[in-house]
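Undergrad: 3D model of this:
(3 chains)
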Amino acid sequence: MEIVSADVAIVGAGGAGLRAAIAIAQSDPSLKVALISKVYPMRSHTVAAEGGAAGVIRAEDSLEHHFNDTVSGGDWLTDQDAVELFIEDAPRQLTQLEHWGCPWSRTPEGRVNTRPFGGMKIERTWFAADKSGFHILHTLFQTSIQFESIERYDEFYATDLIVEDGHCRGVVAIEMRSGRVFLFHAKSVIVASGGAGRIFPFTTNGAIKTGDGMAMAYRIGVPLKDMEFVQYHPTGLPGTGILLTEGCRGEGGIMVNKDGYRYLQDYGLGPPDPWPRKKAMELGPRDRLSQAFWHEQQKGNCVSTTYGDAVLLDMRHLGEKKINERLPFVRDLASSYMGKDPVHEPVPVRPVVHYMMGGIHTNIDAATPIPGLFAAGECACVSINGANRLGSNSLTELLVFGQRAGLGAAEVARQVADGMPAGVETQGREAEARILGLFDREDVGESVAGVRNAMTASMEEGAGIYRTEEAMQATCDLIGQLRERVAKVPVKDKSKVFNTDLMGVLELEAMLDISQTVVHSAIVRKESRGSHQRLDFEKRDDEAFLKHSLATYRGADVPEISYCDVVITKSQPAERLYGGAAEAAAKEAKEGGSGEGKAA
Amino acid sequence: MREIQLEVLRYSPETDSEPRFETFQVPCQEDWVVLDAINHVKDHMDSSLTYRWSCHMAVCGSCGMMVNGEPVLSCKAFIRDYPDKIRVEPLANFPIEKDLVVVMDDFMEKLKASKPYIIPKEEKSIDDGEYLQTPLQLEAFKQYSMCINCMLCYAACPQYALAPEFVGPAALALTYRYNKDSRDGGKAERAHMFSKSEGVWECSFVGACSEVCPKHVDPAAAIQLGKVESAVDYFKSFLMPWSR
Amino acid sequence: MSRRPYVREVPRFTWWLKKKFYTEYMMREATCIAVALYSALLIIGLIRLSEGQAEYTAYLEAMRSPLGLILQLIILAFAVYHTITWFKLAPKGMPPMRFKDEKVQPKAIVAAHYAGWVGVSLVILLFVGLV
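TA: Numbers count the residues shown, from 1 in each chain, chains lettered A, B, ... in the order given. Model prediction:
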């Protein structure tokens, strides 16, 4: 076992991990940062985000609007103190990226341009054509290169977090290219390892998004918060699950069923005209749009494709020039992978698993309940996303909370004394022995693909867009069995060098732990809220469930589910209204003398 | 359903003295890409097959490999465009770590040395807002900022094959991208990598990099324009020594 | 250490035969010799002209002989290949240009080169009285 000492160890070099690393390097260059990632930073999944990042910049917009959109978009399960902090810092963070060279799209005057996204009152999404995540990630990565105090460990697969005397003191990771196990001994640790969309069969998420960091934190006793809330993005390509950004609709694209009818008007988002307009129809929130698809499917209004039912995203009226300027990547993706050029044809789309609102339980400083351990980005749950994340808040989130995690971890590192407690190395050796032990498993016919496919199919069945007690129970049972089966999956590749077979087994273990928290958190939430919709409990129940769920690890047993309070500062829970209904309510509120935007 | 013969170059450093081909019969869906066929092998035939991949939408840059001799992103190489026999090899011009995984340390070091980040022309506080940059100024470098670091250009470049000290297409294009950014003032600091003989002047303008680039970055153009600028700067330093 | 990265050898002298694209590149580079050769022929002609009428007539006759014509045809073919391949690359060597608020497309740059070629050829043909 190799031992590396650092002041702060960061697991994950996507948007949040890089932002954290830069924050530490800028605030205190004397602190040594070990940036550990299972892929090269530019492969991290931040790269795949398309549409943009939200931050109030337009004169007609206000922090109040961003706050209200976010809180109501999250069905009031957001912590409002966190949201306030988030929206206030958002424009600064996006401007900082601009100073670092991010090629944001511009107005003719040279200012940063914005576009509207779903559930948004004023256009506040900063975008770099339709490759915003790509540009944000590469800007952060390239900026990070200049800091000598950031030592990168690319293609190191982290397996364990080490807690000694109740304080997080390190990370165990496998160097992929050599198979050597490394112990990163640190004074504080940040987990920024992304989400776990891969627990579902159809997802916009890349292969690397297996929830490793969430699982590591969970196994050392940090609760995973609000795991039942899984976001379906309404416009993914059938089969591959490739994302077509919400920007398609932000720019004016419409969604129709097999009869060419704009079906969203039947689900509380209409009337359809005038179009485009904010917070209505195609620019409703993601959960509502995905749920509307499910209903259309039940009614038999979908078009059928090789990969099942779909609806149509029609962008033809935008014209070739606008599509080429604003949505070139979408055009390329739809043409190549679907054979449909959006300039000439509508593109079949369906809801696809996109984002985990839940994650590692942190406070507004990105700190977990375990001292010295921080988390940021999709793997964390602060929570600003509540029961349904607003499109384009996640890219901003990883900047705001990535920086906070970095500053918090730096502060802790300055307080912890030098030297490695003996127990850290002992734990490292135990982890190493466990990893090497995986090679000794006998082949009893289990395989990574076999267990994984059973898991993803069951998650879709039990924890999909609409959920029932019965289906969720079946998934709970199956995931329990799969956790036993995964312990029998052999590592057939016996080589030390770049063993992706070994990594596959470890990732699968993580995914099963995460799947279990999702479905167990979901089955006890007997209400419908945001992305968690139950056919057997159709109403939101604030009395019983206006609280965050916390799933706590209990080894081979199922997780324990408990709850904690939601922080409410100024917006009391109200009905979520979009389209004409929202406009009418706003008008009424105005006539009644109270300011619009203040939720009743 | 179509059955293809997938010939994969395998190399396991602990057991093979040199790489060898192994053939798999893979049943493919009509709309599959080469990566799907490789995933099928890993899932159902040989779990030890080693390669990199993630996004499956041609933006993360992980899955570059040689398919029938050409460097491509395997997630965007459609089976329908190939004959029944498909040969897959690790990216050319890089050392093979294992199977389809190559060692790309060389690029990472060159990228770092190239200083691919804004060195501000004038410092500005965040509180003063963004730098103004017109759409025209953006257009001057936008294309060169699209590089996903997939390494296809290095695999296509015969110059890099023969002279590994060549900084290479992607790193030079990214340097040019920052040199051309209206917010940047770091051109002189980057000249040590850019304007030297292992920089733009090592390029003999084969142009293969731009042919294989999946993101239309056109590194060959960046390098040729870089040569012009480098030459102009050189003569300027003689004729107008005060302009330095 | 279990790592043992394998380096594939690149054939130093025959690499350009492996791919059509590389071969075409070598052709493009090699055909510059034809251009040089023709320049040499012209210079020889000038020297002969300076030496006197008889020498120049001999030179012209040599150029008109079957061998001379074949040589010039081969040179012409190579020079045309050289020109066309360089025209194809021209857009990569040009700084970005704009015309009427639109970016000038690579195709237009190549077309302008061909137009220039035709134009210059016409002027020369006019000058020597062939048109």
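Undergrad: How far does stretch A:533-552 sit from its chain's centre?
TA: 20 Å (C-alpha atoms, centre = their mean, to the nearest Å).
Undergrad: Buried residues, that stretch. List them.
TA: For stretch A:533-552, the neighbour count (16 or more other C-beta atoms under 10 Å in any protein chain shown) marks A:Gln533, A:Arg534, A:Phe537, A:Arg540, A:Asp542, A:Phe545, A:Leu546, A:His548, A:Ser549, A:Leu550, A:Ala551 as buried. In this view, the C-beta of every residue, glycine as well, is placed from N, C-alpha and C.
Undergrad: and the longest helix along chain C, what's its mean pLDDT?
TA: Longest helix in chain C by number of residues (criterion: DSSP state H): helix C:66-89. For helix C:66-89, mean pLDDT rounds to 94.
Undergrad: Please point out which parts of the helix or strand bottoming out on mean pLDDT in chain A sit buried.
TA: Taking mean pLDDT, DSSP states H and E as the measure, chain A has helix A:579-591 as its least confident helix or strand, at a mean of 87. Buried positions in helix A:579-591, judged by neighbour count with 16+ other C-beta under 10 Å: A:Gly579, A:Gly580, A:Ala582, A:Ala585, A:Ala589.
Undergrad: Please convert the residues you listed to TSV, extending it with distance to A:Gln291.
TA: Listed next are the buried residues of helix A:579-591 as TSV, based on distance: C-beta to C-beta, whole Å:
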residue	distance to A:Gln291
A:Gly579	14
A:Gly580	18
A:Ala582	17
A:Ala585	21
A:Ala589	26
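Undergrad: which two in those residues are spaced the farthest apart?
TA: With C-beta to C-beta as the measure, no two of the buried residues of helix A:579-591 lie farther apart than A:Gly579 and A:Ala589, at 16.1 Å.
Undergrad: What strand or helix carries the one residue in chain A that gets nearest to chain C?
TA: With C-beta to the nearest C-beta, the shortest gap between chain A and chain C falls at A:Lys496, namely 4.2 Å. Element membership for A:Lys496, per DSSP states H and E: none, as it lies in no helix or strand.
Undergrad: ok, now how distant is it from chain B?
TA: To chain B, A:Lys496 is 7 Å away according to C-beta to the nearest C-beta, to the nearest Å.
Undergrad: That residue reaches A:Val181, doesn't it?
TA: No. Here A:Lys496 lies out of contact with A:Val181, judged by C-beta atoms under 8 Å, at a distance of 10.3 Å.
Undergrad: Could you name the helices and strands sitting against the longest helix of chain C?
TA: When contacts are defined as 3 or more C-beta pairs under 8 Å, 6 or more residues apart in numbering or on different chains; DSSP states H and E, helix C:66-89 packs onto helix C:20-30, helix C:32-51, helix C:53-64, helix C:106-127.
Undergrad: What lies in contact with the helix or strand just after that helix?
TA: Next along the chain after helix C:66-89, taking DSSP H and E as the criterion, comes strand C:98-99. Contacting residues not belonging to strand C:98-99 are listed as B:Leu136, C:Val104, C:Ala108 [C-beta atoms under 8 Å, 6 or more residues apart in numbering or on different chains].
Undergrad: Okay, and A:Tyr355 sits in which element?
TA: Assigning secondary structure by DSSP H and E places A:Tyr355 in strand A:347-356.
Undergrad: That strand - what's its average pLDDT?
TA: The average pLDDT within strand A:347-356 is 97.
Undergrad: Return the subset of the buried residues of stretch A:533-552 lying in strands.
TA: A:Gln533, A:Arg534, A:His548, A:Ser549, A:Leu550, A:Ala551 (DSSP state E).
Undergrad: so which of the buried residues of helix A:579-591 would you say is closest to A:Leu18?
TA: Among the buried residues of helix A:579-591, and counting by C-beta to C-beta, the member closest to A:Leu18 is A:Ala582, at 37.5 Å.
Undergrad: Return the distance of that closest one relative to A:Arg529.
TA: Look at A:Ala582 and A:Arg529: by C-beta to C-beta, to the nearest Å, they are 18 Å apart.
Undergrad: And A:Ala405, by the same measure?
TA: 27 Å.
Undergrad: what's the answer for A:Pro348, then?
TA: Going from A:Pro348 to A:Arg529 by C-beta to C-beta gives 30 Å.
Undergrad: Repeat that for A:Asp341.
TA: Distance, A:Asp341 to A:Arg529, by C-beta to C-beta: 39 Å.
Undergrad: Which one of those two is surrounded by more residues?
TA: It is A:Arg529, of A:Asp341 and A:Arg529, that has more neighbours when counted by other C-beta atoms under 10 Å in any protein chain shown, with 27 against 17.
Undergrad: Format the buried residues of helix A:579-591 as JSON lines; extra columns: distance to chain C.
TA: Shown next, in JSON lines, are the buried residues of helix A:579-591 (distance: C-beta to the nearest C-beta, whole Å):
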{"residue": "A:Gly579", "distance to chain C": "39"}
{"residue": "A:Gly580", "distance to chain C": "40"}
{"residue": "A:Ala582", "distance to chain C": "40"}
{"residue": "A:Ala585", "distance to chain C": "45"}
{"residue": "A:Ala589", "distance to chain C": "46"}
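Undergrad: For the stretch 351-500 of chain A, which residues are neighbours of chain C?
TA: A:Ser495, A:Lys496, A:Val497 (C-beta under 8 Å from any C-beta of the partner chain).
Undergrad: By neighbours, which of the residues you listed wins?
TA: A:Val497 (24 neighbours).
Undergrad: Next, that one: phi, psi?
TA: Phi and psi for A:Val497, reported as degrees, to the nearest 10, are phi -80, psi 120.
Undergrad: Please look at it and B:Val103 and confirm they touch.
TA: No. Checked against C-beta under 8 Å, the pair A:Val497 and B:Val103 is beyond contact range at 10.9 Å.
Undergrad: Low-confidence regions, chain C specifically.
TA: Low-confidence segments of chain C, defined by pLDDT under 70, are located at C:1, C:131.
Undergrad: Same check on chain A?
TA: Applying pLDDT under 70 to chain A flags residues A:593-600.
Undergrad: what about stretch A:466-485 and chain B, touching?
TA: No. Stretch A:466-485 stays clear of chain B (C-beta under 8 Å from any C-beta), getting no nearer than 15.7 Å.
Undergrad: and if you look at stretch A:113-132?
TA: Yes. Residues of stretch A:113-132 contacting chain B under C-beta under 8 Å from any C-beta: A:Lys131.
Undergrad: Domain-wise, how is chain C divided?
TA: C:13-93, C:95-131 (automatic domain parsing).
Undergrad: If we only consider the ones in strands among the buried residues of stretch A:533-552, which is nearest to chain B?
TA: A:Ala551 (26.8 Å).
Undergrad: Helices along chain B, start to end?
TA: B:34-44, B:105-113, B:135-142, B:152-156, B:158-162, B:169-179, B:187-194, B:208-212, B:219-239.
Undergrad: in stretch B:216-227, what counts as buried?
TA: Under the neighbour-count criterion of 16+ other C-beta under 10 Å, stretch B:216-227 has B:Val217, B:Asp218, B:Pro219, B:Ala220, B:Ala221, B:Ala222, B:Ile223, B:Gln224, B:Leu225, B:Gly226, B:Lys227 buried.
Undergrad: The spatially most central residue of chain B: what's it in contact with?
TA: For chain B, the residue nearest the mean C-alpha position is B:Met151 (2.9 Å; C-alpha atoms, centre = their mean). B:Met151 is in contact with B:Gly61, B:Gly64, B:Pro71, B:Leu91, B:Phe94, B:Val102, B:Met104, B:Phe107, B:Ala170, counting by C-beta under 8 Å, 6+ apart.
Undergrad: I'm done for today, thanks for sticking with me.
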